[in-house]
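Asker: how would this look folded up:
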Amino acid sequence: MTSPGVESRTMLALRWGLGLLLLWAAVSKIANLTTFLGSLYAYELPLPSSSLKVVAIVLPWVELLCGLLLLANVWPETTLVLVGVLFGVFVLATGQAWARGLDIACGCFDLSIFGVDKEHSKLITFIESPGFAFVRNVALSGVVLVLAKNLKASPDVPNKESQVWRKVAAPQAQSGLPLKGHNGRKHLRKS
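Answerer: This next block holds a predicted model:
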């Protein structure tokens, strides 16, 4: 049995690792949008060219935002849902490329920052292959599920969303003033 402190540090490490990974992927793509667009074309997806261009522009910024939100632990539930959807799409894209035997680089990360020439490294070629990318995306989807499950399992641990809501709603609720509901109607708080 693990202690709560060890478990919370593990969840923090997973959240930070996922956040940093998303930041790295985003910055790699933003720095080389043309290369990333070429990687998208290599997947031979049944999408129009204009859609792939939009994906090449929008996806890195969504990854950047998700990475920053994970690091700051802001809107964790919403962020994990969005990251889960992203990794689900990545699993489908890399899985279909792997199943079809496409000999492409996944286009996920810029590995040249480690000083390795990918033209001459079998390891880099393997890491950028659709098969490895598929397995990596499945594993990262698992990390998202673990983080989401842990978030739901510990409702007594306040997050920033609930803290903000308490600060906004608490003064009205304590004063007996009517609170507005989701549909715009006023509701009186019962004591």
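
Asker: and residue 8, what pLDDT?
Answerer: Per-residue pLDDT puts residue 8 at 89.

Asker: does it count as helix, strand or coil?
Answerer: helix (DSSP: H, G, I helix; E, B strand; the rest coil).

Asker: number of residues surrounding it?
Answerer: Residue 8 has 14 neighbours, counted by other CB atoms under 10 Å. For every residue, glycine as well, the C-beta is placed using N, CA and C.

Asker: now the strands for this protein?
Answerer: Here the chain has its strands, by DSSP state E, at 179-180, 186-187.

Asker: can you tell me the average pLDDT over the first one?
Answerer: Within the predicted structure, the mean pLDDT of strand 179-180 is 52.

Asker: ok, the last one next?
Answerer: Averaged across strand 186-187, pLDDT comes to 50.

Asker: relative to residue 22, how far out is the residue most central in space within the chain?
Answerer: For the chain, residue 83 is the residue whose C-alpha lies nearest the centre (CA atoms, centre = their mean; 2.8 Å). The gap separating residue 83 from residue 22 is 7 Å, by CB to CB, to the nearest Å.

Asker: now do the shared contacts for these two.
Answerer: Residues touching both residue 83 and residue 22 by CB atoms under 8 Å, 6 or more residues apart in numbering: 66, 70.

Asker: touching stretch 84-104 from outside, list them.
Answerer: Contacts to stretch 84-104, defined as CB under 8 Å, 6+ apart, come from residues 39, 42-45, 59, 62-63, 66, 106, 108, 129-131, 133-134, 137-138, 140-141, 144-145, 148.

Asker: which of those count as buried?
Answerer: 39, 42-43, 59, 62-63, 66, 106, 108, 129-130, 133-134, 137, 140-141, 144, 148 (16 or more other CB atoms under 10 Å).

Asker: where does this structure dip in pLDDT?
Answerer: 1-4, 111-120, 154-191 (pLDDT under 70).

Asker: can you show me the helices along it?
Answerer: For the chain, helices defined by DSSP state H occupy the ranges 4-31, 33-42, 49-72, 76-99, 122-127, 130-153, 160-175.

Asker: go ahead and confirm residue 71 touches residue 16.
Answerer: Yes. Contact status for residue 71 versus residue 16: in contact at 6.3 Å, counting by CB atoms under 8 Å.

Asker: number of nearby residues for residue 60?
Answerer: Using other CB under 10 Å, residue 60 has 21 neighbouring residues.

Asker: any figure for the gap between it and residue 68?
Answerer: Between residue 60 and residue 68 the computed distance is 13 Å (CB to CB).
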